[in-house]
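Undergrad: no FASTA, just this:
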């Protein structure tokens with residue numbers, strides 16, 4: 001009977017040993033996988049490339065570079081460099097002569113006007129270059145530049161190629177029509193012709209794009225899109241604000257199609273459209289940055305290191321003064337001498353306000369006609385007191 005405790009103790013000891021073995025036994029390390037070394041790239045045929053670079057067969061060179069696996073952006077750059085060298089002499093022959101050494105810093109108005117025939121030859125040479133580059137790089141994947149991304153978004157390459165072909169076709173048609181009718185049509189007729197061509201081109205685009213793709217392309221690249229993008233250069237608009245402005249002005253364009261509106265009437269309609277979709281604060285900013293004088297006034301303020309609030313002050317003075325002057329001119333109860341007196345008083349008051357806002361130096365630059373400033377922002381003030389030319393009496 002005394003053997004039972006011994007058997008029990010032995011059993012417990014064996015179980016403990018088995019448990020310890022199970023807990024503390026380390027698994028064998030996994031076998032290392034042998035990763036095959038990548039096969040070495042075939043050596044570049046330096047001799048063949050050297051011969052092709054030394055020769056004139058650009059097509060064979062590009063094909064060899066493709067065969068050797070060079071990056072496409074490198075191949076494209078080499079193709080452009082080779083064609084630049086090939087076209088260099090012809091481009092140099094058509095280049096405008098350099099200005100006289102004593103006119104190095106003269107304004108462009110003193111330089112001779114470009115020769116129309118030379119300009120046409122330059123355009124033809126550029127078209128020949130573009131065609132040669134397209135042919136030379138035809139086997140490369142299409143290049144998607146930053147401009148392409150802004151213009152076409154995420155459209156597939158095949159559709160981008162179709163859009164480019166349609167645009168080029170209609171641009172060429174427009175150029176030919178303008179050349180045929182040069183001097184024979186009024187600005188309004190030209191605008192109407194441009195509208196008809198654009199409508200026909202848009203219908204062609206609608207045949208190759210889905211409604212969503214056409215909408216996105218219009219927002220990026222239509223004539224209206226470019227107009228609005230230029231208008232809001234200094235607005236720092238959000239995408240939602242931009243789309244709202246685009247849709248509002250699209251409605252205006254549809255409602256006024258075929259109407260002959262003055263620039264002032266068109267601007268008023270655009271302002272009304274903007275006011276309907278922007279907050280009051282943003283609309284005030286919109287009115288400021290779309291003023292025709294904004295860019296030049298901004299340049300002056302920046303040049304003379306003035307507070308940016310000066311821009312709004314100056315444009316407000318211009319807007320209020322010109323509005324008062326329009327009312328004076330429209331008042332038929334005023335005698336001519338009295339009208340001139342009131343306009344002179346408005347001009348004097350505006351000049352004093354502008355000098356206070358600008359300072360003497362900046363005001364002098366603002367007031368005078370200056371090619372450095374594209375719009376001559378002080379022109380409205382100079383013209384405020386100008387009398388209309390006297391009409392010669394009609395023969396009886």
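TA: Yes, it's here. Owing to the predicted nature of the structure, the values given are computational and were not obtained by experimental measurement.

Undergrad: Just the buried residues of stretch 158-173, please?
TA: Neighbour counts over stretch 158-173 (16 or more other CB atoms under 10 Å) mark 159, 160, 162, 163, 166, 170 as buried. The way it works is simple: take the backbone N, C-alpha and C, and place the C-beta from them, glycine included.

Undergrad: oh, I was asking about stretch 55-64
TA: Those would be 58, 61, 62, 64, for stretch 55-64 by 16+ other CB under 10 Å.

Undergrad: Quick one, which of the buried residues of stretch 158-173 has the minimum pLDDT?
TA: Here the lowest pLDDT out of the buried residues of stretch 158-173 sits on residue 170, with 87.

Undergrad: Rounded mean pLDDT for the helix or strand where residue 300 lies, please.
TA: Using DSSP states H and E, residue 300 sits within helix 294-303. Average pLDDT, helix 294-303: 92.

Undergrad: What are the contacting residues of the helix or strand that comes right after that helix?
TA: Per DSSP H and E, helix 294-303 leads on to helix 309-330 as the next helix or strand towards the C-terminus. Helix 309-330 has contacts (CB atoms under 8 Å, 6 or more residues apart in numbering) with 288, 291, 293-294, 297-298, 301, 334, 339, 342-343, 346-347, 349-350, 353-354, 357-358, 366, 377, 380-381, 384.

Undergrad: tell me the contacts of the residue lying closest to residue 354 once chain neighbours are set aside?
TA: Among residues not flanking residue 354 along the chain, residue 363 sits closest, at 5.4 Å (CB to CB, 6 or more residues apart in numbering). With contact set as CB under 8 Å, 6+ apart, residue 363 has these partners: 351, 354, 355.

Undergrad: Can you tell me the number of residues neighbouring the first one?
TA: For residue 351, the tally of surrounding residues (other CB atoms under 10 Å) stands at 17.

Undergrad: which helices and strands does the helix or strand where it lies pack with?
TA: In the assignment (DSSP H and E), residue 351 maps to helix 336-358. Contact analysis of helix 336-358 by 3 or more CB pairs under 8 Å, 6 or more residues apart in numbering; DSSP states H and E lists helix 309-330, helix 360-367, helix 379-382 as its packing neighbours.

Undergrad: right, so of the ones you listed, which gets closest to residue 206?
TA: Counting by CB to CB, residue 206 lies closest to helix 309-330 out of the helices and strands packed on helix 336-358; the figure is 40.9 Å.

Undergrad: lowest-pLDDT helix or strand in this structure?
TA: Lowest by mean pLDDT, DSSP states H and E among the helices and strands of the chain is helix 3-24, with a mean of 41.

Undergrad: Going by neighbour count, list what's buried in the next helix or strand after that one.
TA: Next along the chain after helix 3-24, taking DSSP H and E as the criterion, comes helix 46-54. Buried residues in helix 46-54, defined by neighbour count with 16+ other CB under 10 Å: residue 52.

Undergrad: now helix 46-54, how far from the chain's geometric center?
TA: 41 Å (CA atoms, centre = their mean, to the nearest Å).

Undergrad: residues making contact with the helix or strand residue 135 falls within?
TA: Assigned by DSSP H and E, residue 135 belongs to helix 116-136. Residues from elsewhere that reach helix 116-136 (CB under 8 Å, 6+ apart): 58-59, 62, 79-80, 82-83, 86-87, 90-91, 94, 96.

Undergrad: Lovely, talk soon.
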